[in-house]
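Undergrad: here you go, sequence then predicted model.
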Amino acid sequence: MGAVTHRWARVLVRAIAPEGYNLLMNNGRAAGQDVFHAHMHITPRSSGDAYYAFGGHQRILTAHQVDELSAQLMASALDVA
């Protein structure tokens, strides 16, 4: 799982060039897990994005933006070994 997470993090960096990213795994309902199988979250970050502020900053993508981001990630995935 670590190797796959590392690969997808490189794909994210290549596709959208965030200033940084967080890797997160929630374990148990009390920790915020709501999908009960092991999986990692790769969260792109930028300076001042208020990710750690109470309530956090969430950006909701439109369906079109999701499609565009998916295409960017898949194209980058082909380039990352």
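TA: Noted; the coordinates are in hand.
Undergrad: list the buried residues for the helix or strand bottoming out on mean pLDDT in the chain?
TA: Sorted by mean pLDDT, DSSP states H and E, the helices and strands of the chain end with helix 63-79, the least confident at a mean of 88. By 16 or more other C-beta atoms under 10 Å, the buried positions in helix 63-79 come out as Ser76. Quick note: C-beta positions are derived from backbone N, CA and C, even for glycine.
Undergrad: how about stretch 27-46?
TA: Buried residues in stretch 27-46 (16+ other C-beta under 10 Å): 40, 42, 44.
Undergrad: please apply the same query to stretch 3-17.
TA: By 16+ other C-beta under 10 Å, the buried positions in stretch 3-17 come out as 8-9, 11-13, 15.
Undergrad: which stretch of helix or strand covers Asn27?
TA: Assigned by DSSP states H and E, Asn27 falls within no helix or strand.
Undergrad: right, I mislabeled it, should have said Thr43
TA: Here Thr43, judged by DSSP H and E, is contained in strand 41-45.
Undergrad: give me the secondary structure label for the residue lying farthest from the centre of the chain.
TA: Here the chain reaches farthest from its C-alpha mean at Ala30, the gap being 21.2 Å by C-alpha atoms, centre = their mean. Following DSSP: H, G, I helix; E, B strand; the rest coil, Ala30 is assigned to helix.
Undergrad: from Ala9, how far out is it?
TA: 26 Å (C-beta to C-beta, to the nearest Å).
Undergrad: with Asp49 instead?
TA: Distance of Asp49 to Ala9, computed by C-beta to C-beta: 17 Å.
Undergrad: point out where this structure drops to low pLDDT.
TA: Low-confidence segments of the chain (pLDDT under 70): 53-58, 81.
Undergrad: switch the cut-off to 80
TA: Applying pLDDT under 80 to the chain flags the ranges 50-60, 79-81.
Undergrad: and the host helix or strand of Leu23, what does it pack onto?
TA: In the assignment (DSSP H and E), Leu23 maps to strand 20-24. Helices and strands touching strand 20-24, by 3 or more C-beta pairs under 8 Å, 6 or more residues apart in numbering; DSSP states H and E, are helix 2-16, strand 41-45.
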